[in-house]
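Participant: Got a sequence here, can you model it:
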Amino acid sequence: MKDFRNKVVVITGAGSGMGRDLAVKLGARGAKIAISDVDPEGLKTTEDLVRAAGGEVHAQILNVAEREAVLEYADTVATHFGTVNVVFNNAGIAHHGEIEQTDFKTFERVMDVDYWGVVNGTKAFLPYVIASGDGHIVNTSSLFGLLAEPGQAAYNSAKFAVRGFTEALNQEMIIAKHPVKVTSVHPGGIKTAIARNATTSGAHEQKKTAELFDKYLARMSSEKAADVIINGVQKNRARILVGADAKFLDIWVRLVASKYQGVSARVTGYLLSKTR
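Facilitator: Next up is the predicted model:
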């Protein structure tokens, strides 16, 4: 995917953050953009920005956790544009809370959006991406798909699952000799609204948790993150690490193996005490 001009690019979770910036940047490069989100106002803003950048855009409200809706959406986009080349399964939500205090429904809700949303989007669009003859599936995992963090069990579970699903898909495309590249994206601390929109359980206060993330962890702008992702996709990288934190911690976990858990528990435990 050296050139996005006239390629049909689908982006979920495009109402803000990295999804919005991917849509605007790729629209400016001449791609035909299909965007979706559950937030009508955010989606409309992204649609207007893509048009202002000179891009052709199709926008639709969509909950990626609703499988039948995603299947219908894939047909709609393919009919509208005639083909689909690239899919960014980017939509995601977050929850902060220890396993003891997090109820089953919360685990299910995070998995439905963050994991099943990726599976739904991949399965729905894959036949069209294969048929395009020049396709790419890009699934957003996380730094927390590379290492686990206390208080992030629901999010870790989904993002580890996305990583495994995506890496398996990549190998299957190679074996089948399909004209489809596959990429797993692992952003570190990115300045988006995901922490501010996250839910919490137990004694943690949502506002304090979001402030902690924004102050200590969110180091890269979503615009810069989008540039890194686009560059990685153009280079057909199977894994894209976004941010110095993601790169450093990926290497650290590889070197120390399971020993990272003790260090992470102490550091994160101290930071979490500030959210109570």
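Participant: which residues of the protein fall in helices?
Facilitator: 17-28, 40-52, 67-81, 104-110, 116-132, 153-176, 206-212, 222-234, 244-256, 260-272 (DSSP state H).
Participant: Buried deepest among these, which one?
Facilitator: Highest mean neighbour count of the helices of the chain: helix 17-28, a mean of 25 (counted as mean count of other Cβ atoms under 10 Å). Quick note: C-beta positions are derived from backbone N, CA and C, even for glycine.
Participant: Show the average pLDDT along stretch 112-123.
Facilitator: Stretch 112-123 shows a mean pLDDT of 98.
Participant: centre of the chain versus that stretch, how much separation?
Facilitator: Taking Cα atoms, centre = their mean, to the nearest Å, one finds stretch 112-123 lying 10 Å from the centre of the chain it belongs to.
Participant: Tell me the spacing between residue 3 and residue 179.
Facilitator: 15 Å (Cβ to Cβ, to the nearest Å).
Participant: higher neighbour count, these two?
Facilitator: Comparing residue 3 with residue 179 by other Cβ atoms under 10 Å, the one with more neighbours is residue 179, at 14 against 11.
Participant: what about the spatially closest residue to that one that is not a sequence neighbour, how many neighbours?
Facilitator: Nearest in space to residue 179, with sequence neighbours left out and distances taken as Cβ to Cβ, 6 or more residues apart in numbering, is residue 133 at 5.1 Å. Neighbour count of residue 133, defined by other Cβ under 10 Å: 11.
Participant: Now residue 133, what are its backbone angles?
Facilitator: Per-residue torsions, residue 133: phi 80, psi 0 (degrees, to the nearest 10).
Participant: separation between residue 135 and residue 90?
Facilitator: From residue 135 to residue 90 the distance is 17 Å (Cβ to Cβ).
Participant: Ok, residue 239 next?
Facilitator: Taking Cβ to Cβ, one finds residue 239 at 16 Å from residue 90.
Participant: Which one's more surrounded, the two?
Facilitator: Counted by other Cβ under 10 Å, residue 239 and residue 90 do not tie: residue 90 has more neighbours, with 28 against 17.
Participant: ok, that one - contacts?
Facilitator: The contact partners of residue 90, by Cβ atoms under 8 Å, 6 or more residues apart in numbering, come to 11, 12, 13, 14, 18, 19, 22, 138, 140.
Participant: now do residue 69
Facilitator: 62, 63.
Participant: start the count at 289, not 1, going forward
Facilitator: Got it, first residue is 289 now, which makes that one residue 357.
Participant: close enough to count as contact, residue 454 and residue 470?
Facilitator: Yes: the pair residue 454 / residue 470 is scored as a contact, 6.1 Å apart, by Cβ atoms under 8 Å.
Participant: Overlap in contacts, those two.
Facilitator: Shared contacts of residue 454 and residue 470, counting by Cβ under 8 Å, 6+ apart, come down to 425, 427.
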